[in-house]
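Peer 1: Structure of the sequence below:
(one chain, ligands or ions: 3)
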Amino acid sequence: MSSNQEPEILFVVGTDTGIGKTVLSLLLMQFFFAKGLKPFYLKPVQTGCRDPYDTDSDARFVYKHVEALRSRDPAESVIYCFREPKAPYFAARNEECTIDPRVIRKVVEEKRLDHSPLVLEAAGGILVPMTSTQHGIDLAAETGARPVLAARSALGTINHTLLTLEVLRARNLEPLGIVFIDPFDPCTPRDLVEENMEAVRDFGGIRVAGVIPRIPDFSNPPGECFEILRRMFTRERFSP
Ligand SMILES: Nc1ncnc2c1ncn2[C@@H]1O[C@H](COP(=O)(O)OP(=O)(O)OP(=O)(O)O)[C@@H](O)[C@H]1O
Ligand SMILES: C[C@H](N)[C@@H](CCCCCC(=O)O)NC(=O)O
Ligand SMILES: [Mg+2]
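Peer 2: Ligands and ions are numbered 1, 2, ... in the order given. This next block holds a predicted model:
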């Protein structure tokens, strides 16, 4: 543990692609820097980008909005980068490449020497193929990372969140926490969000730490985002 309840390696996973994993990773980085820690963001496999400086690069987004990283090179945070916006296995195969989990493990071990915690971001949802035999989530098991789950707060999330929890637990991976993210749908009725949180608590056995609101300025997110993260790391207030 780096401090309090924070594991040294977090793996930000989502119930789908485009769910808000990069936004949650950004918030975690801002949160840890504000605490005086020395975190490191790693996107082991990025697809849909020419290079780590591409407009769709998750590392570029994180580096742009974290003050301590603004003058640093986002390429430091990307191990594999493939052009096609596809599952990593297929994007790599179409460039006649193979993703080697040993390379990823080695980089994680190197980064751990100088940084803590590490914030790894998955590509897509947890069962997205990484190699011909491995899914994205298998990386978490291999690196000893603790998953943090990002899920949408709106309709459809109950099924996706409970499915994701089942798959994680089948691999003996218990998420440190879950946050809901509500980026584009401010009209999601509050009672629906409350019921979605209740479903995850009662059917999934874990309490949602909170709902990340729409963030108008990613360099300066609303304070309630960090209150949600603080709550997530306080496990005794977090169990159902
Ligand atoms: N709270 C928010 N406020 C405003 N915009 C948001 C918020 N959360 C997510 N978004 C936007 O929604 C889109 C998808 O989010 P994000 O890139 O974080 O998804 P992702 O899960 O990381 O996707 P991928 O699987 O491609 O890595 C982005 O344009 C992001 O800026
Ligand atoms: C292209 C996307 N943005 C993402 C990969 C998503 C793969 C989803 C595959 C699927 O579930 O069908 N890449 C990435 O996060 O690097
Ligand atoms: Mg992302």
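Peer 1: in the protein, which spans are helices?
Peer 2: In the chain, helices defined by DSSP state H lie at 21-34, 58-65, 88-93, 101-114, 136-143, 157-170, 190-204, 223-232, listed in chain order.
Peer 1: can you redo those helices as a markdown table with mean neighbour count and mean pLDDT?
Peer 2: Where you see a C-beta, it was placed from the backbone N, CA and C, and this is true even at glycine. Formatted as a markdown table, the helices of the chain follow (neighbours: other CB atoms under 10 Å; pLDDT from 0 to 100):
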| stretch | mean neighbour count | mean pLDDT |
| --- | --- | --- |
| helix 21-34 | 23 | 98 |
| helix 58-65 | 22 | 98 |
| helix 88-93 | 21 | 98 |
| helix 101-114 | 14 | 96 |
| helix 136-143 | 20 | 91 |
| helix 157-170 | 17 | 98 |
| helix 190-204 | 15 | 96 |
| helix 223-232 | 17 | 96 |
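Peer 1: Turn these into JSON lines, including distance to ligand 3.
Peer 2: Converted to JSON lines, these look like this (distance: least, CB to the ion, whole Å):
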{"stretch": "helix 21-34", "distance to ligand 3": "3"}
{"stretch": "helix 58-65", "distance to ligand 3": "4"}
{"stretch": "helix 88-93", "distance to ligand 3": "12"}
{"stretch": "helix 101-114", "distance to ligand 3": "16"}
{"stretch": "helix 136-143", "distance to ligand 3": "12"}
{"stretch": "helix 157-170", "distance to ligand 3": "16"}
{"stretch": "helix 190-204", "distance to ligand 3": "22"}
{"stretch": "helix 223-232", "distance to ligand 3": "17"}
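Peer 1: how about these in TSV, adding distance to residue 124?
Peer 2: Formatted as TSV, the helices of the chain follow (distance: least, CB to CB, whole Å):
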stretch	distance to residue 124
helix 21-34	9
helix 58-65	12
helix 88-93	8
helix 101-114	16
helix 136-143	7
helix 157-170	12
helix 190-204	21
helix 223-232	22
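Peer 1: Can you add distance to ligand 1 and give these back as JSON lines?
Peer 2: Shown next, in JSON lines, are the helices of the chain (distance: least, CB to the nearest ligand atom, whole Å):
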{"stretch": "helix 21-34", "distance to ligand 1": "3"}
{"stretch": "helix 58-65", "distance to ligand 1": "5"}
{"stretch": "helix 88-93", "distance to ligand 1": "11"}
{"stretch": "helix 101-114", "distance to ligand 1": "16"}
{"stretch": "helix 136-143", "distance to ligand 1": "10"}
{"stretch": "helix 157-170", "distance to ligand 1": "12"}
{"stretch": "helix 190-204", "distance to ligand 1": "14"}
{"stretch": "helix 223-232", "distance to ligand 1": "8"}
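Peer 1: Which of these sits closest to residue 44?
Peer 2: helix 101-114 (4.6 Å; CB to CB).
Peer 1: ok, residues contacting that closest one?
Peer 2: Residues from elsewhere that reach helix 101-114, judged by CB atoms under 8 Å, 6 or more residues apart in numbering: 8-9, 38, 40, 42, 44-45, 79, 118, 120, 130-131, 134, 138-139, 142-143, 145.
Peer 1: Check those for burial and list the buried ones.
Peer 2: Buried subset of the contacts of helix 101-114 (neighbour count, 16 or more other CB atoms under 10 Å): 9, 40, 42, 44-45, 79, 118, 120, 130, 134, 138-139, 143, 145.
Peer 1: Beta-bridge partners for residue 12, please?
Peer 2: residue 121, residue 148 (DSSP bridges).
Peer 1: ok, it touching residue 23?
Peer 2: No. Applying CB atoms under 8 Å as the test, residue 12 and residue 23 come out as separate, 9.6 Å apart.
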